[in-house]
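> Here you go, sequence then predicted model.
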Number of protein chains: 2
Amino acid sequence: MPVSKKEISECPIDAMLSVIDGRWKGTILWRLSDGPMRTSELRRSIPGITERMLIRHLQELVRDGILLRRQKNSVPPCVHYSISKYGWTLVPVLEVICAWGRKHLRLKATASI
Amino acid sequence: MPVSKKEISECPIDAMLSVIDGRWKGTILWRLSDGPMRTSELRRSIPGITERMLIRHLQELVRDGILLRRQKNSVPPCVHYSISKYGWTLVPVLEVICAWGRKHLRLKATASI
DNA sequence: ATTCATACTGACAAATGTGACAGTATGGAT
DNA sequence: ATCCATACTGTCACATTTGTCAGTATGAAT
C-alpha cells in the first residue's frame, strides 16, 4: 500500500498531502469521484490542464495505488481511469477539503463584488 | 479574507490546498494548534526546517490571514505566532488530513517490518 | 492520399520552490 | 573586547515541477 512518491514524512499531514501533491491531482480525483472516465474526457473536463500533465499525474496516481487503469485494445485506444478501493479512502478527506475551499471561495467572491 | 498566494483556482480543492501549499506549512500549523509559539521554539520543534524557510512560510501564513504575529519590542526580540480565528477554520480540515496520514503511515510501517 | 482521434513518450525550457550562506541590530554574559 | 541569542533580510544555486513542442501507431472517415 504505497503512500507516495519519494520518502514518507514523519508528519502525517505531509504524508497525506504528498499523495495528492501535484498541480492537478486534487482536481483529477474530484472528477473521478463521479465515476470512471477516459483520458480524453478528463482532459476536456479540466480547463487549463495539458495532456502531458494529465498523463503524468494519472501515471503517478496509478503507481501510488490511488487509481486503476483499464484499457481496451482497440483502435483508437480507449483507456478508463477509476478510483481504486484504496483511493476511495481518500475521498472523504477530499470532501472536507473541498467543503472548506467552497466556503472560502464563496466568501472571497462575495467580498470582491 | 484571503484564501491564498497568487490566484484563486476554480477548483475548491485546489483553493484549499494552496493555502497550506509549502513544504512545511502543514507541520507549522499542526505545531501551532497546540498553542502560540515563538519563532525559535517552532524552529526547534520542527526537525529539518531551516530558519529561512520557517520565516518565509510564517510570513505567507500571516499575509494570508491564517496566523497572527505578536511582537514584544525587547532585546533580544520576542515574536509569538498563533492561529487566527480564520486559521482555526482550517484546523478541523487538518485533523482529517492528519488522521488519514496517520492511518496509512501506520499501515506502511507495519507492512515494512 | 490526407486528415483525424486516441493515448501515449521524449526532450527541453521556463517557472517555481527550497536550501545554504552571509549579514543586521541590540543588550547581556563572559 | 568577544561572543551569544533573537528574528529577521538578501542573494544565489540547486532541484523539482510544470508547460511546450514534436513525434508514434492505427484504422476510420473524407
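Okay, I see it.
> Now the residue positioned nearest the centre of chain A. Nearest residue, chain neighbours left out?
In chain A, the residue lying closest to the centroid (CA atoms, centre = their mean) is A:Leu29, at 2.8 Å. With sequence-adjacent residues excluded and distances taken as CB to CB, 6 or more residues apart in numbering or on different chains, A:Leu29 is closest to A:Leu94, at 5.9 Å. Quick note: C-beta positions are derived from backbone N, CA and C, even for glycine.
> who touches the one you found in this structure?
A:20, A:26, A:29-30, A:33, B:13 (CB atoms under 8 Å, 6 or more residues apart in numbering or on different chains).
> now the residues you listed in CSV, with secondary structure, distance to B:Arg69 and pLDDT?
Shown next, in CSV, are the contacts of A:Leu94 (DSSP: H, G, I helix; E, B strand; the rest coil; distance: CB to CB, whole Å; pLDDT from 0 to 100):
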residue, secondary structure, distance to B:Arg69, pLDDT
A:Ile20, coil, 30, 94
A:Gly26, helix, 29, 94
A:Leu29, helix, 35, 95
A:Trp30, helix, 34, 93
A:Ser33, coil, 38, 95
B:Ile13, helix, 28, 91
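> Which pair of these spans the longest distance?
A:Ile20 and A:Ser33 (12.4 Å; CB to CB).
> Between those two, tell me which one has more neighbours.
A:Ile20 (24 against 16; other CB atoms under 10 Å in any protein chain shown).
> And the strands in chain A?
A:37-38, A:67-72, A:78-83 (DSSP state E).
> Any part of stretch A:17-33 near DNA strand D?
Yes. Using CB under 7 Å from any atom of the strand, we find that stretch A:17-33 touches DNA strand D at A:21-24.
> check contacts around the closest residue to A:Thr39 other than its chain neighbours.
Closest residue to A:Thr39 apart from its sequence neighbours, by CB to CB, 6+ apart: A:Val79 at 5.3 Å. By CB under 8 Å, 6+ apart, the residues touching A:Val79 are A:38-39, A:69-72.
> Can you tell me how far A:Val79 is from A:Leu58?
9 Å (CB to CB, to the nearest Å).
> Over to A:Met37?
10 Å.
> lowest confidence element among the helices and strands of chain A?
Least confident helix or strand, chain A: helix A:91-112 with a mean of 80, by mean pLDDT, DSSP states H and E.
> Close to chain B: what parts of chain A are there?
A:1-3, A:8, A:10-17, A:20, A:26-27, A:29-30, A:47, A:89-90, A:92-94, A:96-102, A:104-105, A:107-108, A:111 (CB under 8 Å from any CB of the partner chain).
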